[in-house]
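>>> After the sequence you'll find the predicted model.
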Number of protein chains: 2
Amino acid sequence: MTHQAQHDTMISGAVGADIIPPTVNPLLQRERDRATLTKDLVTQMTYMIDDGKDKTARRRHIESSLFSDPLFSERDRYIRTSAETFDIGVKRSIRLIDFKKVHNITFSETWDYVYRALTNDVTFGVHDLMFVTFIDNQGTEEQKARWLGKARNMQIMGTYAQTELGHGTYIPGLETTATYIPSTEDFVLNSPTLTSMKWWPGAMGKTSTHVILIAQLIIGGKNYGPHAFMVQLRSLKDHSVLPGRSVGAIGDKWNFGGVDNGYLSLENVRIPRKDMFMKYSQVAPDGTYSKKGNPKVMYTTMMVVRLKIAQECWQSLGRVLTTAIRYSAVRKQGPVDQGGPEVVILDYQTQQEKLFPGLATAYAFNAVGKRLQEVFNKVQADIEKEDFSSLPELHALTCGLKAFTTGTAVRFVDTARFACGGHGFLLSSGLPYSYSRLSAGCTYEGENTVMMLQVARYLLKSAYAAQNGGSLASSVAYLAEDTSGQTWPAQTETDVVNSDLLYKAYQHRAYRLVNQVGQRMAQLMGQGQSQGVAWNNSTVDLVRAAKAHMQFYTMATVFDVIKPLAVDPAIQSILQTLSCLYAIYMMDQSIGDFLEDGYMNAEQAQMVHGQYLALLNAVRPEAVPLVDAFDFSDLTVHSVLGCYDGNVYERLYEHALRDPKNKTEIHETYYKYLRPLLTEHQSKL
Amino acid sequence: MTHQAQHDTMISGAVGADIIPPTVNPLLQRERDRATLTKDLVTQMTYMIDDGKDKTARRRHIESSLFSDPLFSERDRYIRTSAETFDIGVKRSIRLIDFKKVHNITFSETWDYVYRALTNDVTFGVHDLMFVTFIDNQGTEEQKARWLGKARNMQIMGTYAQTELGHGTYIPGLETTATYIPSTEDFVLNSPTLTSMKWWPGAMGKTSTHVILIAQLIIGGKNYGPHAFMVQLRSLKDHSVLPGRSVGAIGDKWNFGGVDNGYLSLENVRIPRKDMFMKYSQVAPDGTYSKKGNPKVMYTTMMVVRLKIAQECWQSLGRVLTTAIRYSAVRKQGPVDQGGPEVVILDYQTQQEKLFPGLATAYAFNAVGKRLQEVFNKVQADIEKEDFSSLPELHALTCGLKAFTTGTAVRFVDTARFACGGHGFLLSSGLPYSYSRLSAGCTYEGENTVMMLQVARYLLKSAYAAQNGGSLASSVAYLAEDTSGQTWPAQTETDVVNSDLLYKAYQHRAYRLVNQVGQRMAQLMGQGQSQGVAWNNSTVDLVRAAKAHMQFYTMATVFDVIKPLAVDPAIQSILQTLSCLYAIYMMDQSIGDFLEDGYMNAEQAQMVHGQYLALLNAVRPEAVPLVDAFDFSDLTVHSVLGCYDGNVYERLYEHALRDPKNKTEIHETYYKYLRPLLTEHQSKL
């Protein structure tokens, strides 16, 4: 079939599967044929990534069921208008209600399988993940009886409204008020200013019927701080907005087009006393305020969300690398030797540098996510036994890993997009979508710099405790061991990729940076600065110390997780390579941290750099099977460059033909703007 | 007016200027009142940035004329559909034809003033900048007589088609053929494969009537390499596609929605011999091929484009920093001291770190752009005197600066977007638009890594020449001076911000990295690797050396440009601060490069870091006037967060109300998807 004929066929409406060959691109097939990681080993790696063969089977079953529905398997994501994107988001969310019932899908499976498959492009995510969870965790038995069933069945649709137009991370600054009126036993809700308007909650704008509202609780003129209230926004009969509420959508975002993030202002809205969440804080009919339990338990909902963000981060990265590595294995761009044959760009060292550290990081974050789950489960069990001692560490870990994983992955995703050149700028590549999507994770659920400063605060407290003989949680136990003045014992190229020696180096650097910034703060306070000012003047270094700590924690965890795995030696070997690359890459990037105090010398630094380059080389032959092992469906990857068959040019062309501008040979702008001009000029000739 | 009333007014269609106060936000006014840079000094800085008071006046005149037309002053950019965006792009391009005639706008003014004002959001940019220029530079007198007038008057609309679906930077790999047929004296054009389809040219899909086609010239079975041909695509009578051409749009991109980037395949298209561009290469009627002049002159069109990309880079960065810094001066997020008043986030050290190095860089790139223009003008003058000796240096400089400025600015733009938290994710913030726009500049007109490797090649050649007593161009003259073994003479905090000592440090590091990678390549070749393989195995280090060179070149240029400026001492002082920050920031980020070989010691590294933090502090009080001095119109900044009046919350709200989803109180998705569900459930109750 000639291109002209193909083109004519496409224009005439017969959307052309005939353009895309049924076979795998020979260049991509060659990669799979030559690798040590055979198809069977790739399958074993998938089981490992999924945490077991049964889980892989369950995930695949859910995915194939989902994708058997055309609503979930369509490929128009990058062609839709904003209005269509929102429409399909709502439609999908509603369709998922029955789907989850039919397949008995749990809370975890919603995140891990359904949202993974759909890359989370549904309207009622906040309903599922926060509204329902919050009622469950923070509602009294009476409240749960009233709300939980309805919420689970989506007889009420809700969201969580904390952030205000002028207020984000700093919760005490929230301005929305809930004033208790003992005489009528109700609360009066108000947004007294423009900045107090609730802003951002997902699905609040046009769809939710209810909202969990965070407002300053005022009783008898006294402010008891932020508390949570159930507030109905829209009539359950006709969806009209109830009196006193002003609610709407906040405009399009860079992504999440399926979600109607909203604004809400309240003017003298009255709700009954029993609609305040009362499990941990109570207001009696006469206005008496009381509390019970450990108030920090309130944070566990947020911890779960941060845990999940950190856990799903490797997926975003993995999807993008699936695209970029498959594309790089079929894209040619000139020869290595002048006059020689063109090679695929994956053979270029600079391309390997752009993609392989990210690949190693995706594997690392998968391992770290599993470990974090174990930690979380242990703390949950402790809490049930009324032991709250591990909460501060878990808080620091979830804050830190949320910030570190999203912040790290977003850079690799961007680099991978650039590595796909011009084609990576086409929406059909899926890479712009992945970037904007993941980048939101750097600000939502706690802005990353604020999160890293939470980690730093925990580190300084721990370092202080260590100096004063206090006990330390396991993730910061190293702060008790003074490693200053030491030098790195690595002597050979083998030494610099030895996991124990890498561990020592990261430990030394984290210890040094944490203590150095602690001393600097003490010095500034000695010069008369208040603690707050001294803290602020140290925040650049505090973030640096927190990052060093997270790099240490994650590299140590990765080696720890892979060591005892009972896997094929070939898999063990490549996991070792990837883990070394993860550690060495970060070291090479921050080599000044290791050189500055003389811990490392110039020769060692050169060896680190040399081993970094050698590891890129070692990953090269296994790169394609390593992304195959992630086992993302083509529909999940959703990229013309990233499909399993590697037929990138055919898919680029097929997608281009679906550009709505191509519906007619002569575009309407010709008649509107060009023809008058061309005709006028021609007549003058 | 209550929010409810405002909301009701907006919904009813009265778009609410009444929401936005007529006064400047007091927090932003405070910044301007307290700064050393008074309003008068800010104006003087604007003159300096624009390169003279007259130019500022001319720019402002063109801007205000442009914005007096509602077509150019509307504020719906972030609300439009893709189809509407394209429509307005074409409409604007056509409107600009008369506008430019009326105002006598030159080629340079188009770039510097019109595109600056509109942030280049027009369809026929490639027509203006490449199609017309190419005819002018590469056409014979006879060809210019036939085409140039028509092209300038847009009686023909054209683009430049080089890149193919499967081929980018590597020109010899292009597959499109132009085969000469002596018997009929014409060329037969063919795209023999899918990958040979032309892909990407701006405005090729639906609007252009003509294209400058780059194709392999085949005569008598011999390939003479890529040459340029004028090819008509569409009828001038009715815009229908001419036979043998298959042309269309390639689908939506992350930005440039106003441009119909296109694909084109050709099947036995015949064009007359005289339509090959013949100024430098000729095909005689009998098929005899000949060349004249210096073929490298062909590259000057591309050099101009790269020069312009590098020159406009500070604008993209400046617009974004105008937004982020103004927003940070009114946004509050908690107190510095517990219990104290909330401060604006610009007071946070971490926020300063995110914004001020970028601010210093915007000023630096403005200065570098001016210097590059001088170099370019000089080379142009040389060429007219048939002296081509400076072409290689200019090629390296334009490649290097295009890659270095876009690559550096894009990171700062992204960081600035993150610095605006959640609101920076709203399209109305303008920040996503700026990011995706600028990021395209990292791949078009030469992918940045490829560009940096061009620089590296030039550096290695120069280093080799230096070792063999050859003469060196001024930008690489330092390679003749062996600085190995030296140490940094800086002793005090004042020393580390001394421009001469900073110069020495950058010189030393560039010298070392260039020579180190040269030695490494020689070593690999000594081990038996071919030159191509050794090159490929050194590319990570080659890019690193090229970057070190560009950092050296730009920091040296910046100090050189600001030194002789006849400006107010207060301006001189802040320019000095910004230039130091530019140099110190990059040094602090790559401190390992300076420590590794013992050039710098630990104490110096600590002083560098300390001075970096001190410079952030020094910029703080002047930050708002420093972005005011860029003098971007609110319509150019196009951000609810970035307007001169700082009324960010009012503008966020006003823009939200224009979300099309807010047109009705009850969204249509309720009737389609939610009502059936809610009704079904309610009836079950």
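Now that the structure is in, tell me what you want to look at.
>>> Low-confidence stretches in the stretch 151-300 of chain A?
A:295, A:298 (pLDDT under 70).
>>> Quick check, the residue in it closest to chain B?
residue A:170 (3.5 Å; Cβ to the nearest Cβ). Yep, even glycine has a C-beta here, placed from its N, CA and C like the rest.
>>> Using just helix, strand and coil, how would you label the nearest residue to residue A:193 once chain neighbours are set aside?
Leaving aside its chain neighbours, residue A:193 sits nearest to residue A:175 (5.8 Å; criterion: Cβ to Cβ, 6 or more residues apart in numbering or on different chains). Here residue A:175 is recorded as coil under DSSP: H, G, I helix; E, B strand; the rest coil.
>>> correct me, but the residue of the stretch 151-300 of chain A closest to chain B touches residue B:331?
No. The pair residue A:170 / residue B:331 is not scored as a contact, 10.8 Å apart, by Cβ atoms under 8 Å.
>>> Now name the helix or strand holding residue A:228.
strand A:222-232 (DSSP states H and E).
>>> Kindly apply the preceding question to residue A:217 instead.
strand A:210-219.
>>> And residue A:170 and residue B:331? Which one has more around it.
Between residue A:170 and residue B:331, counted using other Cβ atoms under 10 Å in any protein chain shown, residue B:331 has the larger neighbour count: 25 against 13.
>>> Tell me who's in contact with the more buried one.
A:166, B:344-345, B:648 (Cβ atoms under 8 Å, 6 or more residues apart in numbering or on different chains).
>>> swap in residue A:488?
A:501, A:504-505, A:508, A:594, A:599-601, A:604.
>>> from those, which are also near chain B?
Near chain B, judged by Cβ under 8 Å from any Cβ of the partner chain, there are no entries from the contacts of residue A:488.
>>> Just among these, which is most surrounded?
Neighbour max across the contacts of residue A:488 (other Cβ under 10 Å) = residue A:600, 27 neighbours.
>>> Do you know the pLDDT at that residue?
Listed pLDDT for residue A:600 reads 97.
>>> Do you know the pLDDT at the residue nearest to it when sequence neighbours are not counted?
Leaving aside its sequence neighbours, residue A:600 sits nearest to residue A:594 (Cβ to Cβ, 6+ apart; 4.1 Å). Residue A:594 is assigned a predicted lDDT (pLDDT) of 98.
>>> Please apply the same query to residue A:36.
Residue A:36 is given a pLDDT of 97.
>>> Would you check that it makes contact with residue A:623?
No. Applying Cβ under 8 Å as the test, residue A:36 and residue A:623 come out as separate, 11.7 Å apart.
>>> more neighbours, these two?
Neighbour tally, residue A:36 and residue A:623, criterion other Cβ under 10 Å: the higher count belongs to residue A:623, 24 against 12.
>>> I'd like to know which elements the strand or helix carrying the more buried one is packed against.
Following DSSP H and E, one finds residue A:623 within helix A:623-628. The contact analysis (3 or more Cβ pairs under 8 Å, 6 or more residues apart in numbering or on different chains; DSSP states H and E) places helix A:623-628 against helix A:26-34, helix A:39-50, helix A:300-328, helix A:349-384.
>>> Can you name the residues in contact with it?
Contacts of helix A:623-628 (Cβ under 8 Å, 6+ apart): A:28, A:31-32, A:35, A:37-38, A:41-42, A:45, A:318, A:321-322, A:325-326, A:329, A:346, A:355-356, A:359, A:363, A:574, A:578, A:619, A:644.
>>> Check stretch A:384-394 too.
Outside stretch A:384-394, the residues touching it (Cβ under 8 Å, 6+ apart) are A:294, A:296-297, A:299, A:303, A:375-376, A:378-379, A:382-383, A:458, A:473-476.
>>> for stretch A:497-510, same thing?
A:478, A:481, A:483, A:486, A:488-490, A:495-496, A:545, A:548-549, A:551-552, A:555-556, A:559, A:579-580, A:583-584, A:587, A:593-594, A:599-600, A:611, A:615.
>>> Next, the buried residues of that stretch.
A:497, A:499, A:501-510 (16 or more other Cβ atoms under 10 Å in any protein chain shown).
>>> Would you enumerate the residues in contact with the closest residue to residue A:29 other than its chain neighbours?
Distance criterion Cβ to Cβ, 6+ apart; nearest residue to residue A:29, sequence neighbours excluded, is residue A:646 at 7.8 Å. With contact taken as Cβ under 8 Å, 6+ apart, residue A:646 is in contact with A:24-25, A:27-29, A:326, A:329-330.
>>> and which of these is nearest to chain B?
residue A:330 (9.4 Å).
>>> what are the phi and psi angles of that closest one?
Taking degrees, to the nearest 10, you get phi -120, psi -10 for the backbone angles of residue A:330.
>>> And it, how far from residue A:26?
Remark: distance between residue A:330 and residue A:26 (Cβ to Cβ, to the nearest Å) = 9 Å.
>>> The two: which is more packed in?
residue A:330 (23 against 11).
>>> Buried among the contacts of helix A:623-628? Make that a ChimeraX selection.
Selecting only the buried entries of the contacts of helix A:623-628 in ChimeraX, with 16+ other Cβ under 10 Å as the criterion:
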select /A:28,31,32,35,37,41,42,45,318,321,322,325,326,329,346,355,356,359,363,574,578,619,644
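>>> What is the burial count for residue A:491?
12.
>>> Tell me if I am right that it is in a strand.
No. Under three-state DSSP, residue A:491 sits outside any strand and is assigned coil.
>>> before we move on, back to that, could I get the helices and strands packed on helix A:623-628 as TSV with distance to residue A:58?
Listed next are the helices and strands packed on helix A:623-628 as TSV, based on distance: least, Cβ to Cβ, whole Å:
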stretch	distance to residue A:58
helix A:26-34	26
helix A:39-50	9
helix A:300-328	16
helix A:349-384	16
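>>> Deepest in the core, which of those helices is it.
Compared across these, helix A:300-328 shows the largest average neighbour count, a mean of 25 (mean count of other Cβ atoms under 10 Å in any protein chain shown).
>>> Report whether that one contacts chain B.
No. Against chain B, helix A:300-328 shows no contacts by Cβ under 8 Å from any Cβ, the least distance being 11.6 Å.
>>> how far off helix A:349-384 does that helix point, in degrees?
160 degrees (axes from the mean of the first three to the mean of the last three Cα atoms, to 10 degrees).
>>> for the stretch 1-150 of chain A, what spans make up the helices?
Along the stretch 1-150 of chain A, the stretches classed as helices by DSSP state H, counting those that start in this stretch are A:3-11, A:26-34, A:39-50, A:53-67, A:70-73, A:82-102, A:107-109, A:116-118, A:125-126, A:132-138, A:141-152.
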